[in-house]
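# Make a model of this:
(chains A, B and C)
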Amino acid sequence: MEVGRRLTRDFFGEDVLDVAPALLGAMISHAGVTIRLTEVEAYAGEKDPGSHAFRGPTPRTQVMFGRAGHLYVYFTYGMHWCANVVTGTEGEASAVLLRAGEVVDGHEVAAERRAGIAERDWARGPARLASTLGLDGTQTGLDACSPDGSAAFHAAAEHVPASRIRTGPRVGVAGAGGDAERYPWRFWLDGERSVSVYRPAKPRRRREPA
DNA sequence: CAGTTGATTCGCT
DNA sequence: GCGAATCAACTGG
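Model prediction:
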């Protein structure tokens, strides 16, 4: 299929708030499936209370403090994997969460991998997107800018006018209240069916004791 | 459509 | 121990 130029490490080395919207319409390929990104979220490194890097490097978040263009794939809610790409300068630990997209190549592989799921939902949400790409914890640290790596990003096949880009608060991020939460760091393409519905970051109600 | 709930493991305090 | 950058199934309108 026709894809744009491959995105380089220089592309990911820019500021996360520039990289995130620039990824809309771009594509990521892994394990036989290509997804066109329609929704992303920026996480601004160690100074961002919503980021996993907020409390400094740990074994889990080590890769975020490394080079731009590497994948940070984390496990959450006891069952889901979500994928980010590291951005900015080394040691900064900023990253873009890949929140949603649509499968544009590898439909047969995706259909097998996501058996029983409607095509519309294959990459509608970060855990679904990672699952459809076949990404899990074994791919964390993978260099998407390496010529012989298994994952790669490609520029949008079509022109994405700035007027189609929307911004808003991040989804499902607890611990709001800091300065970081005042900024709309979620970016999506207006009018795309694959964009997940916004839900405010509301703390889960604890079940009452019996 | 919107709203609610259980599932289930890990990372960190 | 607590709660999480979520999902799928289910309810009621």
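# helices or strands up against the worst-scoring helix or strand of chain A on mean pLDDT?
Least confident helix or strand of chain A, by mean pLDDT, DSSP states H and E, is strand A:165-168 with a mean of 91. On a contact count with 3 or more Cβ pairs under 8 Å, 6 or more residues apart in numbering; DSSP states H and E, strand A:165-168 meets strand A:186-189. No exception for glycine: its C-beta is placed from N, CA and C like everyone else's.
# Would you check the distance separating the strand it packs on from the middle of the chain?
Remark: strand A:186-189 is offset 11 Å from the chain centroid, using Cα atoms, centre = their mean, to the nearest Å.
# what does stretch A:160-177 give?
Put simply, stretch A:160-177 sits 12 Å off its chain's centre (Cα atoms, centre = their mean).
# where in chain A is pLDDT low?
Within chain A, the ranges that satisfy pLDDT under 70 run A:1-2, A:174-183, A:196-210.
# returning to that earlier point: hmm, who's touching the least confident helix or strand of chain A?
Here strand A:165-168 makes contact (Cβ atoms under 8 Å, 6 or more residues apart in numbering) with A:Pro21, A:Leu24, A:Pro184, A:Trp185, A:Arg186, A:Phe187, A:Trp188, A:Leu189, A:Asp190, A:Tyr198.
# Quick check: which element contains the residue positioned nearest the centre of chain A?
Geometric centre of chain A, nearest residue: A:Leu98, 1.5 Å, by Cα atoms, centre = their mean. Using DSSP states H and E, A:Leu98 sits within strand A:94-105.
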